[in-house]
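Engineer: Build me a structure from this.
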Amino acid sequence: MEQCQRNSSHLFQRHAPFVAGNRRLREPQIQGYEALRSHFAAEREPALVQIPVGCGKTGLMALLPFGIANGRALLVAPNVTIRETIFQAVDTASDTCFWRRAGVAPVGVEGPFAARIDSTAQLTDCIESHFVVTNVQQIGTSRNRWLGRFPHDFFDMILIDEGHHNPAASWRRLIDHFTDAKVVSLTATPFRSDGAALIGKPVYRYSFLRAMCRGYIKRLRAVHVQPRELAFTFCDEPQEVSLTDVMRLREEVWFSRGVALAPECNRHIVRTSIAECEKLRQARLIKHQIIAAACSVHHAGEIARLYREAGYIAEEIHSGQPKSQRQNVLARLKDGRLDVIVQVEMLGEGFDHPPLSVAAVFRPFRSLSPYVQFVGRIMRTVRQSSPNDPDNCGVVVSHVGLNTERHWSEFRSLDKQDQDLWAGLAGGGDVTPSASSSQAGLPREFSPDMLVSSEILGEFRESLFGHVSGSEAQQPLPLSDNASSIAGPQQRRQEARTLLQERVNDSVRETLWTTRLSGTGWQIGRRFAFVRRQNNWAATRQWTYIELNKRIGRRPAPGKEWSLNEIEQALDVLPDVRQEIVKKLQSCFRRKETWPRSARF
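Structural biologist: I've put the predicted structure just below:
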């Protein structure tokens, strides 16, 4: 047992991970790893990391112990679904083992090995492993048998997924038990609806907007239904109001509740979301689907009925249904037999289904965190790292009367661009109707104080986020009503130029990796006169720019800047340029492929 403990204590230090220059890793994985390594080299304070959904958070967790931890690592998930996803990433026997796919660390006879705490696990499984994966219910609750069996120094690193839960008692009990462990909490939403402060010093943050521009998550567009006139009855008194009145009245609880439950308002959200879904389907004939958020079980049934009346196949899902019924609904969603799934406080953390591309908001949200979690269900990309793919687009549809972003103090936890993004997506809500619950806190039905009799629509308000193609509306900065947050032409060009430089460097790195040439070698400069007197990295980079200029018809000159249009054209043809250079290099050095690597450098 002692030998197993010594192996576990030193394996993470014996194997240096391949991080810098690893083309299989995503930007937040590389940057997050370096930030946390620097943090723990200087101090032991718990760390907090913000990474959006779909950006490789699980991979970063699998990577972090290498070179940082001096002993076992405990990986903690909020539920069984996420626990299984994490375990597959650190299980050397799994086809989805992260180290094997990303090439970040060797997998050999001495590990790294992973154990999973479940009903069949034993203490020896954990002793003989380097990674231990669990859900918090298995280890952090007061009635749990596991926590007391572990010495206080059993783990040297604790990695917490969905780290915004860490102020809760079960999570704090876990953190307090392992007093000397390095603690990292990772989350997409570094704030809580109850206002409780999260445990940990913010060490690294990767913005949603950056993730969109890199193609890690879908580009988003917000469409907000705006009535020109709204007729309703409140306290038996009929009223008719204009859009200006709606924007004023939506601050009232009774008004946003009435809009959420009004069939007329719901019908317009249904029609708009279907129209947006059809646009996405026509782009590439992919069956994009809709996820809707309802106030209550009864409300979910009414919304599903409205979708069915409009010709879409819809089902509701909530915790009050039998497990077999929920499983059947999810199976129909995942095999494409459903167009719409209407959920009541379901399908949150850990639920991934990339064809979900339209988020229909039928309820007010009283805080930012659950809203971000809901919209996160449509952020998973259909095709990874392809920001301009028409299928990697999502749409958020709501009604301005729901007022889904007012007084969100949690915005302070986001950077300025993400604040603008989420404010624009919400479109203009901080209250949820108080529920009368008949089953485990699940709202069954609301009784509105306001009854909407008719609604005449005006224009839709739209916002675009994360677009990187040619038109002005598709620049990688959020559009909002505040002119100060709209990027000018110079700023857009400068950011696009930076993006092109990064993409070219990525292309050079992948070219040298594919052709098995070292960046510090000199073969390319010796073989091709137009890039002579440069090492392989510099030569390939110059060659790439030469080919880009040729492809887009640009004549370079000293001091001549790239225009925005030229940059966008260059980004489009860059993959073809890389393939052409790879082919020429492979053809040139084919006869030397069997030489020992030392003989070629």
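
Engineer: tell me which strands and helices the host helix or strand of Glu547 is in contact with?
Structural biologist: If you go by DSSP states H and E, Glu547 is part of helix 536-552. In this structure, helix 536-552 makes packing contacts with helix 489-515, helix 523-527, helix 564-588, judged by 3 or more C-beta pairs under 8 Å, 6 or more residues apart in numbering; DSSP states H and E. C-beta coordinates here come from the backbone N, C-alpha and C atoms, glycine included.

Engineer: and the first one, what other elements does it pack with?
Structural biologist: Here helix 489-515 touches helix 536-552, helix 564-588, going by 3+ C-beta pairs under 8 Å, 6+ apart.

Engineer: Then the second one?
Structural biologist: Counting contacts by 3+ C-beta pairs under 8 Å, 6+ apart, helix 523-527 is packed against helix 536-552.

Engineer: Surely Ala41 is within a helix?
Structural biologist: Yes. Looking at Ala41 with DSSP: H, G, I helix; E, B strand; the rest coil, it is inside a helix.

Engineer: hey, which helix or strand in this protein has the poorest pLDDT?
Structural biologist: strand 436-439 (a mean of 33; mean pLDDT, DSSP states H and E).

Engineer: quick revisit: highest average neighbour count across the helices and strands packed on helix 489-515?
Structural biologist: The highest mean neighbour count among the helices and strands packed on helix 489-515, using mean count of other C-beta atoms under 10 Å, belongs to helix 536-552: a mean of 19.

Engineer: contacting residues around that one?
Structural biologist: Helix 536-552 is contacted by residues 504-505, 507-508, 511-512, 517-525, 528, 530-532, 534, 554-556, 566, 569-570, 573-574, 576-578, 580-581 when judged by C-beta atoms under 8 Å, 6 or more residues apart in numbering.

Engineer: What pairs with the helix or strand hosting Gly394, parallel or antiparallel?
Structural biologist: Element membership for Gly394, per DSSP H and E: strand 393-399. Applying DSSP bridges, strand 393-399 is found paired with strand 219-225 (parallel), strand 356-361 (parallel).

Engineer: okay if I get those strands as JSON lines plus distance to Thr124?
Structural biologist: Output for the strands paired with strand 393-399, formatted as JSON lines (distance: least, C-beta to C-beta, whole Å):
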{"stretch": "strand 219-225", "distance to Thr124": "48"}
{"stretch": "strand 356-361", "distance to Thr124": "42"}
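
Engineer: looking at those, which has the lowest confidence?
Structural biologist: In terms of mean pLDDT, the lowest-scoring of these is strand 219-225 (a mean of 83).

Engineer: Buried residues, it. List them.
Structural biologist: For strand 219-225, the neighbour count (16 or more other C-beta atoms under 10 Å) marks 219-225 as buried.

Engineer: Run the chain-centre distance for that strand.
Structural biologist: 17 Å (C-alpha atoms, centre = their mean, to the nearest Å).

Engineer: sorry, back to before: now, the most widely separated pair of the buried residues of strand 219-225?
Structural biologist: For the buried residues of strand 219-225, the farthest-apart pair by C-beta to C-beta is Arg219 and Val225; their separation is 21.1 Å.

Engineer: list the contacts for Leu574?
Structural biologist: 500, 503-504, 507, 544, 548.

Engineer: Give me the pLDDT value at it.
Structural biologist: Note for Leu574: predicted pLDDT of 90.

Engineer: Mind putting the contacts of Leu574 into TSV with distance to Pro355 and pLDDT?
Structural biologist: Below are these laid out as TSV (distance: C-beta to C-beta, whole Å; pLDDT from 0 to 100):
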residue	distance to Pro355	pLDDT
Leu500	31	90
Arg503	27	86
Val504	33	91
Ser507	30	89
Thr544	35	93
Leu548	34	92
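
Engineer: Return the member of the buried residues of strand 219-225 nearest to Gln50.
Structural biologist: Leu220 (17.7 Å).

Engineer: what's the neighbour count on Gln122?
Structural biologist: As a burial measure, Gln122 scores 10 neighbours (other C-beta atoms under 10 Å).

Engineer: Ok, Ile175 next?
Structural biologist: Neighbours of Ile175 using other C-beta under 10 Å come to 19.

Engineer: Can you tell me the SS state at Ile175?
Structural biologist: For Ile175, the secondary-structure state derived from three-state DSSP is helix.
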